[in-house]
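J.: Next comes the sequence, and after it the predicted model I'd like to discuss.
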Amino acid sequence: MQIGIDSFAAAYDESSLAVSAADRLLNLVEQIEHAEQAGLDVFGIGEHHRREYLDSAPAMILAAAAARTQRIRLTSAVAVLSAIDPVRLFQSFATLDLLSRGRAEMVVGRGSFIDAFPLFGLRLDDYDSLFAENLGLLLKIRENEHVTWKGKHRPALTGQGVYPRPVQNPLPIWVGVGGTPQSFARAGALGLPLMVAIIGGEPRRFRPLIDLYREAGIQAGHPPDRLKVGVHSLGYVAKTSKEAADDFFPGYALAVASVAKERGWGPVTRAGFDAQLGPQGALLIGSPDEVLEKILRHSEALGGISRITFQMNASSLPHAKLMRAIEAIGAHVAPGLHSHV
């Protein structure tokens, strides 16, 4: 099983919003470099278009990391495909693939925030149709140097070449999903690997959706070994469970509370947070041994996963703590997952 880190490039840490954005991004590149040194397999950068995050151009951050790494795979997490031209997205990640000598990947999704839609003049009514159309075009570009295509939301292509072409053929494209059955079935029918965002509740409740994904893939004629499943979860490792929870909770509570205002969620409580730390809860927060056991338990409950990624900086932890957590994951969690069949 592969293990990695996903970052949303938080624009602040637990002490201040006034932290230099330039320093935050340089620290992030250092974290990616450190993740490679620690033996992790993949590092992902999200995409947001709001004040709290610095990841509106994830390929740029990953390109900076490509110049300072040799082995670790570099991916979006996720690229908001509904709100970007698939031609430009492919060009950006094909360029990243060249710079990294074949280490680029994409996880594409619809995104959990809607900020990109008014920013780029898009209609929320087209939320799903934009994604479906753009995914179809992206896959056609991946398969063909010259593309002939016609759709509803973008001008037609009449045989134009799309350049550069990546080192990898095909360039890996995963579909990032939340909890919509249609999204799982669509990924399976297309034979694309699946990245499931599980940030709350009990991961085992996703088993019927993952089964739907695999069934749709097999019915479409795709071999089972092509239908890979990854999980993206909030996670953090420290020496003890108490230290990990105490480190993570304050920033987590602030981050969730800010979103709760927009979405009408209830208040964040320490009791609710602690409940998610239990054996069946989604949060991968604790000592290295606890987190390793929990990942293996979740993998079994979901029918087997091939990749797990930790989202640590949702709680706006300072750079030094993130670096120590990356080191601990590499030293104590990754070896157990790499040896797991």
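T.: On my side now, so go ahead. Only a predicted model underlies this, so the values are computations on that prediction, with no experimental measurement involved.
J.: Nearest residue to Thr75 in space, please, no chain neighbours.
T.: Glu105 (3.9 Å; C-beta to C-beta, 6 or more residues apart in numbering). (Glycine included, C-beta is placed from N, CA and C.)
J.: Contact partners for that neighbour?
T.: Shown in contact with Glu105 (C-beta atoms under 8 Å, 6 or more residues apart in numbering): Val42, Arg73, Leu74, Thr75, Ser76, Phe93, Leu171, Pro172, Ile173, Trp174.
J.: just Ala253 next, same as before
T.: Taking C-beta under 8 Å, 6+ apart, we find Ala253 in contact with Val268, Arg270, Phe273.
J.: Can you lay out those residues as TSV showing neighbour count?
T.: Shown next, in TSV, are the contacts of Ala253 (neighbours: other C-beta atoms under 10 Å):
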residue	neighbour count
Val268	16
Arg270	12
Phe273	18
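J.: What's the mean pLDDT across the one helix or strand Asn134 maps to?
T.: For Asn134, the host element (DSSP states H and E) is helix 127-143. On average, the pLDDT along helix 127-143 is 96.
J.: try stretch 163-174
T.: The model assigns stretch 163-174 a mean pLDDT of 98.
J.: What lies in contact with that stretch?
T.: So stretch 163-174 is contacted by 75, 90-91, 93-95, 97-98, 101-102, 104-108, 138-139, 142-143, 145, 192-195, 230 (C-beta under 8 Å, 6+ apart).
J.: measure that stretch end to end?
T.: Across its full length, stretch 163-174 reaches 21 Å between end residues, using C-alpha to C-alpha, to the nearest Å.
J.: That stretch: which residues count as buried?
T.: Within stretch 163-174, the residues that count as buried by 16 or more other C-beta atoms under 10 Å are Arg165, Pro166, Gln168, Leu171, Pro172, Ile173, Trp174.
J.: Need the contacts of Ala253 in CSV (columns: distance to Lys239 and pLDDT).
T.: What follows is those, written out as CSV (distance: C-beta to C-beta, whole Å; pLDDT from 0 to 100):
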residue, distance to Lys239, pLDDT
Val268, 25, 84
Arg270, 20, 93
Phe273, 19, 93
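J.: Out of these, the closest to Met323 would be?
T.: Phe273 (23.5 Å; C-beta to C-beta).
J.: Let me see the ranges of the strands in the stretch 51-200 of the chain.
T.: For the stretch 51-200 of the chain, the strands defined by DSSP state E, counting those that start in this stretch occupy 73-76, 79-80, 104-109, 146-149, 157-161, 173-177, 194-197.
J.: Now that we have the ones you listed, can you turn them into TSV and tack on distance to Ile218?
T.: Output for the strands of the stretch 51-200 of the chain, formatted as TSV (distance: least, C-beta to C-beta, whole Å):
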stretch	distance to Ile218
strand 73-76	26
strand 79-80	27
strand 104-109	22
strand 146-149	28
strand 157-161	32
strand 173-177	17
strand 194-197	14
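J.: tell me the most buried of those?
T.: Comparing these by mean neighbour count (mean count of other C-beta atoms under 10 Å), strand 79-80 ranks first with a mean of 28.
J.: From the chain's centroid, how far away is that strand?
T.: Its chain's C-alpha centre and that of strand 79-80 lie 10 Å apart, by C-alpha atoms, centre = their mean, to the nearest Å.
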